[in-house]
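**Q** sequence unknown, structure follows:
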Ligand code: ACM
Ligand code: ZN
């Protein structure tokens, strides 16, 4: 008994040691374990050549991170060494921007801890690794030499659709810094609200930052779409005052996080057009409301490009933004401009004429107007002493001279950007849009749709194979984007961010060849989730993760397997899945309509196909699974009809169903089809699923015949 106990103790100590070594997240570039351990006492002697504010900052971090009182002494050396480390690849090779030094060396012996770095930021990251290694007041002896793979490691938080204020943002900054994330991009303006106090344009927040309806479906999708003035009792919303921003910036600076402000233009700007209709095309006020009562977002989403007042407004706004935010870059949005009003607006069209713009094979007149707009805005940003970054639509019609691009519609925009010698940040939707569900949707709060579990985020490699080394060096890094249409509460918001942002931290920091297997990462993530919970945050409960739809893992065998499908109405060219073999390949879809197994239908009545079973066959079941996901406009069919034929000419109706399809029906999956007591003989089966009045997409993954 005794021997067994001792053996178990040794094994568990060994595992404990191994666990400690593996416990840093993001995993360091190199780590060696040594003998013994360092003990952190109630006080810790610290010696450093760091001075001033940065010294105060690092001492505060130590007292917090190790729960100890810092005194003078040589137990912990923080050594700023101007010769240490090499700059981030991007900075040097591209010759753009200042060199960035974030690396550090951490040496822990039983007697002392030494952290060496070229910058305070490097020392800060060395400290974060030390904090993660520490357990119950001891730190295992080790040597770590570490630096990030990418200089940009971030999160975008949409503060417009739902408001997330100062305290929430500060709480995330505290946690982000622990994982060596260094950018927080705040999407401050959009149709749903302008969320940044403006001295020159106070009406923007006074009139658009509040609404009575908090639920996105009711407010936006079902077109309530009214703002109420600040001070209206019971209203939801808010905005960041300049003092709030100053507080956020101070905390961010202490945590080496850059706040990247985004002011959206030329599209997604209905809230601006509501308050200042003269900035929209045609200069036509279309408000139903008045400043005393509720206002309705202007139906124009875009600034008028032909109106000089547009550029005056933008310059004034950006001047206030750069006066407030020290970020080297200013994000100007640029995505999803509708451009439709530009086509007929006399001012926009006159501007196009004046500029000599004519339609080109690669760019319409409106694309080129967008390019003109973005290039003018870049000049404003540069005049204000900053650099411009925008979503990948800013490539359309020609990229502004010094712009950096955030690639969100997949990686194509990022690839095009770096191939033209510009910098890019990768934020592709299918890996980094954390507004998608991270687990089985029926067990999650409503999200916009899709399925992006932690494993998928972790699998991302930001350097596409098609890039040369020089091109790859222009990929600055990665960012997860959290749009908040369906994120109403701080708790939900935290669950969407964490733990997926942990995967982003490791994708952005750790050399690709050192990234562990997903199960190994998940073990570390579980530990960090527990810490986040202990700190009062509300991460997704990873240990109870359900995983993908069971059917996804279990191919179905049935009579139509591998049989030819004829489409009487084509499937959507955007959601082709496996093309014509999709509906009879035996493979079922998962939680996401974008996983390559769900075929989308948007044309005519929607699904209308015939399956050829090749010979007369006894059939007693015909059914197909459909997905209902209201966020992205995916609905169940309103009408089903199944017919059979022996000769392919004469058909008999087998089944029909009127289904009360509704936009209100929550996310679910349903089989639609026929099951008979007796079989029928059929060679051809025609399956129709009609959308009726509801419209939207239909998605199905397999037509199962038994
Ligand atoms: C975006 O998701 N519209 C950038
Ligand atoms: Zn116009």
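**A** Received it, and whenever you're ready, just let me know what you need. None of the values given here were measured: they were computed from a predicted structure. Ligands and ions are numbered 1, 2, ... in the order given.

**Q** In this protein, where is pLDDT below threshold?
**A** 1-22, 87-99, 283-293 (pLDDT under 70).

**Q** Within range of ligand 2, give me the residues from it.
**A** Residues of the chain lying near ligand 2 by C-beta under 5 Å from the ion: 281, 304, 306, 345, 347, 348. In short, each C-beta sits where N, CA and C put it, glycine included.

**Q** number of nearby residues for the second one?
**A** Neighbours of residue 304 under the rule other C-beta atoms under 10 Å: 24.

**Q** List the residues that contact it.
**A** Contact analysis of residue 304 by C-beta atoms under 8 Å, 6 or more residues apart in numbering lists 279, 280, 281, 282, 283, 310, 341, 342, 345, 347, 348.

**Q** Let's verify the residue nearest to the spatial centre of the chain: helix, strand, or coil?
**A** Geometric centre of the chain, nearest residue: residue 481, 2.2 Å, by C-alpha atoms, centre = their mean. Classification of residue 481 by DSSP: H, G, I helix; E, B strand; the rest coil places it in strand.

**Q** looking at the sheet around it, what are its partners?
**A** residue 156, residue 433 (DSSP bridges).

**Q** Does it touch residue 435 like I think?
**A** Yes: contact criterion C-beta atoms under 8 Å: residue 481 and residue 435 qualify, at 7.2 Å.

**Q** Quick check: phi and psi on residue 530?
**A** phi -60, psi -40 (degrees, to the nearest 10).

**Q** separation between it and ligand 1?
**A** 32 Å (C-beta to the nearest ligand atom, to the nearest Å).

**Q** number of nearby residues for that residue?
**A** 13.

**Q** farthest pair in the residues of the chain next to ligand 2?
**A** Greatest spatial distance in the residues of the chain next to ligand 2: 281 and 306, 7.8 Å, computed using C-beta to C-beta.

**Q** intersection of neighbour lists for these two?
**A** 345, 347, 348.

**Q** and of those residues, the nearest to ligand 1?
**A** residue 348 (22.1 Å; C-beta to the nearest ligand atom).

**Q** how about whichever strand or helix holds the closest one: buried residues?
**A** Applying DSSP states H and E as the criterion places residue 348 in helix 346-354. Buried residues in helix 346-354, counted by 16 or more other C-beta atoms under 10 Å: 347, 348, 349, 351, 352.

**Q** The residues you listed: which two are farthest apart?
**A** For the buried residues of helix 346-354, the maximum inter-member distance is 9.9 Å, found between 347 and 352 (C-beta to C-beta).

**Q** What's the local residue count around the closest residue to residue 443 other than its chain neighbours?
**A** Among residues not flanking residue 443 along the chain, residue 546 sits closest, at 6.0 Å (C-beta to C-beta, 6 or more residues apart in numbering). Number of residues near residue 546 (other C-beta under 10 Å) recorded here: 14.

**Q** Quick check: end-to-end length of stretch 248-267?
**A** Distance between the boundary residues of stretch 248-267 (C-alpha to C-alpha, to the nearest Å) amounts to 27 Å.

**Q** where along the stretch 401-550 of the chain do the strands fall?
**A** According to DSSP state E, counting those that start in this stretch, the stretch 401-550 of the chain carries its strands in the segments 404-407, 424-426, 475-482.

**Q** hmm, back to that, who touches both of residue 347 and residue 352?
**A** Counting by C-beta under 8 Å, 6+ apart, the residues touching both residue 347 and residue 352 are residue 306.

**Q** neighbours around residue 535, how many?
**A** Neighbour tally, residue 535, other C-beta under 10 Å: 12.

**Q** which SS state does the residue lying closest to it once chain neighbours are set aside fall under?
**A** Spatial nearest neighbour of residue 535, excluding adjacent residues (C-beta to C-beta, 6+ apart): residue 175 at 7.1 Å. Secondary structure, three-state DSSP: residue 175 is helix.

**Q** Might one say that residue 175 is in contact with residue 498?
**A** Yes: the criterion here is C-beta under 8 Å, and residue 175 meets it with residue 498 at 7.3 Å.

**Q** Taking the stretch 501-650 of the chain, what residue is nearest to ligand 1?
**A** For the stretch 501-650 of the chain, C-beta to the nearest ligand atom, closest residue to ligand 1: residue 632, 12.8 Å.

**Q** Verify the stated contact: that residue with residue 447.
**A** No: between residue 632 and residue 447 there is no contact under C-beta under 8 Å: 10.3 Å.

**Q** who's more crowded, these two?
**A** residue 447 (23 against 15).

**Q** So that one versus ligand 2, what's the distance?
**A** With the distance defined as C-beta to the ion, to the nearest Å, residue 447 ends up 36 Å from ligand 2.

**Q** Please name the spatially closest residue to that residue (chain neighbours excluded).
**A** According to C-beta to C-beta, 6+ apart, the nearest residue to residue 447 is residue 437 (4.8 Å).

**Q** check contacts around residue 393.
**A** So residue 393 contacts 334, 335, 336, 337, 370 (C-beta under 8 Å, 6+ apart).

**Q** Next one: the residue nearest to the centre of the chain relative to residue 257, how far apart?
**A** 17 Å (C-beta to C-beta, to the nearest Å).

**Q** what's the answer for residue 433, then?
**A** Residue 433 is 21 Å from residue 257, by C-beta to C-beta.

**Q** Tell me which of the two has more neighbours.
**A** Between residue 433 and residue 257, residue 257 has the larger neighbour count (other C-beta under 10 Å), namely 24 against 19.

**Q** my guess is that one contacts residue 185, does it?
**A** No: Residue 257 is not in contact with residue 185 according to C-beta under 8 Å; the separation is 10.6 Å.

**Q** Next, show the common contact partners of these two.
**A** By C-beta under 8 Å, 6+ apart, no residue touches both residue 257 and residue 185.

**Q** what does this protein put close to ligand 1?
**A** Applying C-beta under 6 Å from any ligand atom, we find that the chain lies next to ligand 1 at 335, 336, 391, 408.

**Q** If you rank those residues by neighbours, which is first?
**A** residue 391 (24 neighbours).

**Q** list the contacts for that residue?
**A** Counted by C-beta under 8 Å, 6+ apart, residue 391 has contacts 333, 334, 335, 336, 405, 406, 408.

**Q** so, if you compare the residues you listed, which one comes nearest to residue 706?
**A** residue 408 (42.6 Å).

**Q** returning to that earlier point: can you put the residues of the chain next to ligand 1 in CSV and add distance to residue 275 and secondary structure?
**A** Listed next are the residues of the chain next to ligand 1 as CSV, based on distance: C-beta to C-beta, whole Å; DSSP: H, G, I helix; E, B strand; the rest coil:
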residue, distance to residue 275, secondary structure
335, 21, coil
336, 21, coil
391, 24, strand
408, 28, coil
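
**Q** hmm, which two among these are most spread apart?
**A** Checking those with C-beta to C-beta, the most distant pair is 336 and 408, at 10.0 Å.

**Q** Would you mind giving the contacts of residue 304 as a markdown table with distance to residue 705 and secondary structure added?
**A** Below are those laid out as a markdown table (distance: C-beta to C-beta, whole Å; three-state DSSP):
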| residue | distance to residue 705 | secondary structure |
| --- | --- | --- |
| 279 | 58 | helix |
| 280 | 54 | strand |
| 281 | 53 | helix |
| 282 | 56 | helix |
| 283 | 60 | helix |
| 310 | 59 | helix |
| 341 | 50 | helix |
| 342 | 51 | helix |
| 345 | 54 | coil |
| 347 | 59 | helix |
| 348 | 55 | helix |
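
**Q** Measure how buried the residue in the stretch 401-550 of the chain positioned nearest to ligand 2 is and give me the count.
**A** Per C-beta to the ion, the residue of the stretch 401-550 of the chain with the smallest distance to ligand 2 is residue 403, at 22.8 Å. Residue 403 sits with 24 neighbouring residues when counted by other C-beta under 10 Å.
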